[in-house]
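**Student:** Predicted model and sequence follow; I will ask about them next.
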Protein chains: 2
Amino acid sequence: MTIAMRTKSRQPAPSLSKQRLRLWIRILRAARAIEAEVRERLRVEFGVTLPQFDVMAALERKPDGMTMTELSRFLMVSNGNVTGIIDRLVSDKLVARQAPADDRRAINVRLTPRGLKGFTTMAKAHQGWVDGLLSDFDAAEADTLIRHLDGLSGRIRNGGSRA
Amino acid sequence: MTIAMRTKSRQPAPSLSKQRLRLWIRILRAARAIEAEVRERLRVEFGVTLPQFDVMAALERKPDGMTMTELSRFLMVSNGNVTGIIDRLVSDKLVARQAPADDRRAINVRLTPRGLKGFTTMAKAHQGWVDGLLSDFDAAEADTLIRHLDGLSGRIRNGGSRA
DNA sequence: GAAAAATGCTTTAAGCTTAAAAATTCTAAG
DNA sequence: CTTAGAATTTTTAAGCTTAAAGCATTTTTC
């Protein structure tokens, strides 16, 4: 009877494990929704793909350019992946490859003037889109969420917990 | 002098717009880190891709199966995308296609007994992985975050704000 | 200094992803 | 009924993504 009441009268509190799974699913769905929206607008308004935009955003922070490996690590994508994206950006003349003098294995990549100009325009629009998409979050909420998510990815990549 | 002090003595409080952009980047990076980890483990331990796992998870909730369009909407991926994933799951005999009687355009997809059994095993491991990866979040934090993220994706897809 | 290991990048094969177009079937309007 | 439009799925072309293998170069080790 007690058991019947417990299981019937109210939701059994989901286990912490289940709750974390639920959290992961929310994070994933939120990310996908925002990504889809941003990708679509980049494509329609600027004719650029999201990965291309991501690369340009990474390069914009480093006026001296980055190596392929630095890009790959920063964007958290495989190294081979970056090659193709850069190939296309180079043929669009938005970024340029140049061999550094000190290490003949490496290759340095940077925005061309044209790439920088294009990115500046796009970045402004992009920030507006995200601002609109996340308009439900005020400054305090955003801060809290950022603090919660901050380091999460770092912690995971340094050995999530056990395993 | 006042201006110089304001801009020099402390960080200028980032604008709300910038803070939301920062939040978006954290969400994205967290999602990528978790995804990479889960993908790798699914591949190594079960020989399954993440999209395949996602499809099986969707189907497991619906014993009567789902149509391709239902799957596509639920997973938030394009319809053509689902076709290929299902093709491979079918050739692995983990899901089966069957034509519904009432609508000859549609196609119903469901887990095979083998697919259900395999998914049950994987789901248990998967929940453990996520539990470990998100072990920094206690129940209260998870609740808060879930509440914050909840509906976000829904709101976005129904017209984010303006635009 | 030569061999071994590590690093940086590209290539390859397989699979995922999207948008757009095509093929089929259903529904609705006249 | 017939036809126009909508809905469901697949196909196509282009690009993204990964893991693994291959090449070239640099660094480490003996």
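**Tutor:** Great, that's in hand. Because the structure is predicted, anything quoted here is derived from the model rather than measured. Numbering: from 1, shown residues only, chains lettered A, B, ... in the order given.

**Student:** separation between whichever residue of chain A sits closest to DNA strand C and residue A:139?
**Tutor:** Across chain A, the shortest distance to DNA strand C (Cβ to the nearest atom of the strand) belongs to residue A:80, at 2.4 Å. Where you see a C-beta, it was placed from the backbone N, CA and C, and this is true even at glycine. Computed with Cβ to Cβ, to the nearest Å, the distance linking residue A:80 and residue A:139 is 40 Å.

**Student:** residues from chain A in reach of DNA strand C?
**Tutor:** A:36, A:39-40, A:43, A:67-70, A:79-80, A:82-84, A:86, A:97, A:103, A:105-108 (Cβ under 7 Å from any atom of the strand).

**Student:** Kindly recompute the last result at 6 Å.
**Tutor:** By the rule Cβ under 6 Å from any atom of the strand, the part of chain A lying against DNA strand C is A:40, A:67, A:68, A:69, A:79, A:80, A:83, A:105, A:106, A:107.

**Student:** that older thread, for residue A:80 and residue A:139, indicate the residue with more neighbours.
**Tutor:** Ranked by neighbour count (other Cβ atoms under 10 Å in any protein chain shown), residue A:80 and residue A:139 place residue A:139 first, with 13 against 9.

**Student:** residue ranges of the helices in chain A, please?
**Tutor:** Ranges of helices in chain A, per DSSP state H, are A:2-9, A:16-46, A:50-60, A:68-75, A:79-91, A:113-133, A:139-149, A:152-157.

**Student:** Same list (those helices) but as JSON lines, adding mean pLDDT and distance to residue B:50.
**Tutor:** Shown next, in JSON lines, are those (pLDDT from 0 to 100; distance: least, Cβ to Cβ, whole Å):
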{"stretch": "helix A:2-9", "mean pLDDT": "50", "distance to residue B:50": "34"}
{"stretch": "helix A:16-46", "mean pLDDT": "93", "distance to residue B:50": "10"}
{"stretch": "helix A:50-60", "mean pLDDT": "97", "distance to residue B:50": "18"}
{"stretch": "helix A:68-75", "mean pLDDT": "96", "distance to residue B:50": "18"}
{"stretch": "helix A:79-91", "mean pLDDT": "97", "distance to residue B:50": "16"}
{"stretch": "helix A:113-133", "mean pLDDT": "96", "distance to residue B:50": "24"}
{"stretch": "helix A:139-149", "mean pLDDT": "87", "distance to residue B:50": "20"}
{"stretch": "helix A:152-157", "mean pLDDT": "64", "distance to residue B:50": "15"}
